[in-house]
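Undergrad: fold the following, please.
(one chain, ligands or ions: 1)
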Amino acid sequence: MPPSTSDTILPGDIDGPAAAGGPAAGAALDDAGHDIIIKVRDVTVSFGTKTVLDKLDLDVRRGEILGFVGGSGMGKSVLLRTVLGLNQKQGGTIEIFGTDYEKANDEERLAVEQRWGVLFQHGALFSSLSVLENIQVPMREYLDLSPGLMNELARLKIDLVGLAPDAADKFPSELSGGMIKRAALARALALDPDIVFLDEPTSGLDPIGAAEFDELIMTLRDTLGLTVYMVTHDLDSLYQACDRIAVLGNKKVLIEGTVETMLASDEPWVKSYFHGKRARTITPRAASAAASKEAK
Ligand SMILES: Nc1ncnc2c1ncn2[C@@H]1O[C@H](COP(=O)(O)OP(=O)(O)OP(=O)(O)O)[C@@H](O)[C@H]1O
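TA: Now for the predicted structure:
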């Protein structure tokens, strides 16, 4: 449904379960009562004779920030692309909001696509478009809005991600790394999605920029009820922002749970990652985030 034609629009004027704060249509409850909006079962992905994912299972719960980690080349991006329907899988099922995207008809696919937003690594903004125009790309693709309304909506997204109003007319080449991430996030939020997929969102940012980005993600989770699926190598983000962590290894999810679960694990890769040299030198920010989470 197109939003109202009033001159002033507010976030949530466009229909969307995240904006409305209601239950996610099509989601299923797991045994513990969690609202599962992505259900991955037995998923196998191979390229030629090389199997990257083998009968992998994963649940993503509504309203959580899920951090997805694993060694380089283990298949984190492959899983993300498979969930988004960009890679073929050889076996298993993936349900998003209760819909099997692969088997869905055009109308069902369109409905699912309007409920997710994606921030690919390096931002992936169109270099020939301004920030405002970049944010309007999904609006042009999926919605039928007047130019004035699209401008107003895009400016709301710019504000939402903490960019100054004058960022609207800037081109990607005129932005800092942190601003590019925010602009790309604003584009991912263009359709008021239920879930955003972030592929290494803090890579390339300095620690302060990365911390600010994590804060922004947490604020959006808290205020919009957004679900966040974040592929990351950033230990600070895992401690600071993530409610749950899933670790990919041996072509499967090896373990999933809180930071405390990771710290208590005897699984060799998890142990070396969370207790290794790099982990011992994590910033005071991560240590204090872990302490404050524990105190809650
Ligand atoms: N289209 C493709 N064709 C062939 N092999 C591929 C393709 N896409 C990914 N791979 C292979 O799948 C494996 C997993 O790659 P992927 O990019 O998912 O790793 P990753 O865990 O995201 O790594 P990193 O942390 O380094 O980004 C790699 O060996 C990669 O070469």
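Undergrad: isn't there a helix covering residue 149?
TA: Yes. Counting by DSSP: H, G, I helix; E, B strand; the rest coil, one finds residue 149 located in a helix.
Undergrad: state the distance from it to residue 213.
TA: Residue 149 is 28 Å from residue 213, where distance means CB to CB, to the nearest Å. Quick note: C-beta positions are derived from backbone N, CA and C, even for glycine.
Undergrad: please apply the same query to residue 139.
TA: Taken as CB to CB, the span from residue 139 to residue 213 is 23 Å.
Undergrad: show me what the helix or strand containing residue 54 is packed against.
TA: Assessed by DSSP states H and E, residue 54 sits inside strand 50-61. Counting contacts by 3 or more CB pairs under 8 Å, 6 or more residues apart in numbering; DSSP states H and E, strand 50-61 packs against strand 35-47, helix 76-83, strand 91-96, strand 227-231, strand 244-249, strand 252-257.
Undergrad: which residues are in contact with it?
TA: The contact list for strand 50-61 (CB atoms under 8 Å, 6 or more residues apart in numbering) reads 30, 34-46, 66, 75, 78-79, 82, 89, 91-92, 195, 227, 229, 244, 246, 248, 251-253, 256.
Undergrad: for stretch 165-181, same thing?
TA: Contacts of stretch 165-181 (CB under 8 Å, 6+ apart): 119, 123, 125-132, 134, 154-155, 158-159, 163, 183, 201-202, 204-205, 209, 212-213.
Undergrad: just the buried ones among the residues you listed, please.
TA: Using 16 or more other CB atoms under 10 Å as the burial test, the contacts of stretch 165-181 include 119, 123, 125, 130-132, 134, 154-155, 158, 163, 183, 201-202, 205, 209, 212-213 as buried.
Undergrad: mind checking the SS state of the residue positioned nearest the centre of the chain?
TA: When CA atoms, centre = their mean is applied to the chain, the residue found nearest the centroid is residue 197 (2.4 Å). Under three-state DSSP, the three-state class of residue 197 is strand.
Undergrad: run through the bridge partners of it.
TA: residue 118, residue 229 (DSSP bridges).
Undergrad: so it sits against residue 84, correct?
TA: Yes. Residue 197 lies in contact with residue 84 (CB atoms under 8 Å); the separation is 6.9 Å.
Undergrad: common neighbours of the two, please.
TA: Joint contacts of residue 197 and residue 84 (CB under 8 Å, 6+ apart) are 116, 118.
Undergrad: point out where the stretch 51-200 of the chain drops to low pLDDT.
TA: 122-123 (pLDDT under 70).
Undergrad: cutoff 80 now
TA: In the predicted model, the stretch 51-200 of the chain carries pLDDT under 80 at residues 121-123.
Undergrad: spell out which residues of it are next to the ligand.
TA: 52, 70, 72, 73, 74, 75, 76, 77, 78 (CB under 6 Å from any ligand atom).
Undergrad: and the fifth one, how many residues sit next to it?
TA: Which is residue 74. 20 (other CB atoms under 10 Å).
Undergrad: OK, contacts around it?
TA: Here residue 74 is in contact with 248, 249, 251 (CB under 8 Å, 6+ apart).
Undergrad: who wins on neighbours among these?
TA: residue 248 (24 neighbours).
Undergrad: leaving out sequence neighbours, find the closest residue to that residue.
TA: Ranked by CB to CB, 6 or more residues apart in numbering and with sequence neighbours excluded, the top spatial neighbour of residue 248 is residue 70, at 3.2 Å.
Undergrad: surely that neighbour and residue 76 touch.
TA: Yes. If you go by CB under 8 Å, residue 70 and residue 76 touch, sitting 5.4 Å apart.
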